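*Asks:* build the 3D model from these lines:
(2 chains)
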Amino acid sequence: DTGVSQNPRHKITKRGQNVTFRCDPISEHNRLYWYRQTLGQGPEFLTYFQNEAQLEKSRLLSDRFSAERPKGSFSTLEIQRTEQGDSAMYLCASSPRERTDTQYFGPGTRLTVL
Amino acid sequence: KQEVTQIPAALSVPEGENLVLNCSFTDSAIYNLQWFRQDPGKGLTSLLLIQSSQREQTSGRLNASLDKSSGRSTLYIAASQPGDSATYLCAVKGGNNRKLIWGLGTSLAVNP
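*Replies:* Numbering: from 1, shown residues only, chains lettered A, B, ... in the order given. Sure thing, here's the model as predicted:
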């Protein structure tokens, strides 16, 4: 059981740079979610995929953010022109087709924008 | 708009105590409610999931209840241990069965 994996685990970047995170869901999970969590807060929903289709995007996902899941397996989250306010933990979760009520979370990618 | 509130924000107890964490939500039209555990700097682990039609779920020393009409859930931890120290998050899934709406969590410290 490999679980949900996320890479990198930590990323430090300078303001204005672009960053890309990867999430590999549990094999054959058809739903994939991205959340953002800042210190002392609960996770905030960013976006959700069912297979390769992006079905919902939060208003938090500004035009600097883009997510893809091209083959319905792994997903990438890109942030362009990073700002200090983007510093957070980015969490990925996946759900199996037969149990969409349960989300399995990865360890997260911690982003620090200097 | 669904809002989830958790009380208390932080709790410190001696080992062995039974304790209750509270979660309230504003919109009773939920699909399910989950309790998660988060260790510092780590991801989330699902503890208990209660469907909207259920009243409670139990796993080991943990018991979660759900009163949908009043918009409340409680997580009961029996005989607390230092290893229970973590942040406990409550999350509600709306009627469309898509995204989770989260509380801010309760930070629990169990002292030996």
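*Asks:* distance check, the closest residue to A:Q84 other than its chain neighbours against A:N30.
*Replies:* Spatial nearest neighbour of A:Q84, chain neighbours left out: A:V113 (5.0 Å); criterion: CB to CB, 6 or more residues apart in numbering or on different chains. Every residue, glycine included, has its C-beta placed from N, CA and C. Distance, A:V113 to A:N30, using CB to CB, to the nearest Å: 32 Å.
*Asks:* how many other residues sit next to the residue of chain A found nearest chain B?
*Replies:* The nearest approach of chain A to chain B comes at A:G42, 3.3 Å away (CB to the nearest CB). A count of nearby residues for A:G42, using other CB atoms under 10 Å in any protein chain shown, gives 22.
*Asks:* near the closest residue in space to it that isn't next to it in sequence, how many other residues are there?
*Replies:* Distances taken as CB to CB, 6+ apart place B:W102 nearest to A:G42, at 3.3 Å, with adjacent residues excluded. Neighbours of B:W102 under the rule other CB under 10 Å: 22.
*Asks:* please apply the same query to B:V20.
*Replies:* Neighbour count for B:V20, taken as other CB under 10 Å: 12.
*Asks:* so it sits in a helix?
*Replies:* No: per DSSP: H, G, I helix; E, B strand; the rest coil, B:V20 lies outside any helix segment and is strand.
*Asks:* quick one: it from chain A, how far?
*Replies:* 19 Å (CB to the nearest CB, to the nearest Å).
*Asks:* what residues are bridge-paired with that residue?
*Replies:* Here B:V20 sits in beta bridges with B:Y76, going by DSSP bridges.
*Asks:* for B:S59, same thing?
*Replies:* Judged by DSSP bridges, the bridge partners of B:S59 are B:L62.
*Asks:* that one touches B:S46, doesn't it?
*Replies:* No: assessed by CB atoms under 8 Å, B:S59 is found out of contact with B:S46, at 10.1 Å.
*Asks:* so is the residue lying farthest from the centre of chain A in a helix, a strand, or just coil?
*Replies:* In chain A, counting by CA atoms, centre = their mean, A:E98 sits farthest out from the average C-alpha position, at 22.0 Å. Under three-state DSSP, A:E98 falls in the coil class.
*Asks:* contact partners for A:F65?
*Replies:* A:46, A:77-80 (CB atoms under 8 Å, 6 or more residues apart in numbering or on different chains).
*Asks:* I am finished for the moment; much appreciated.
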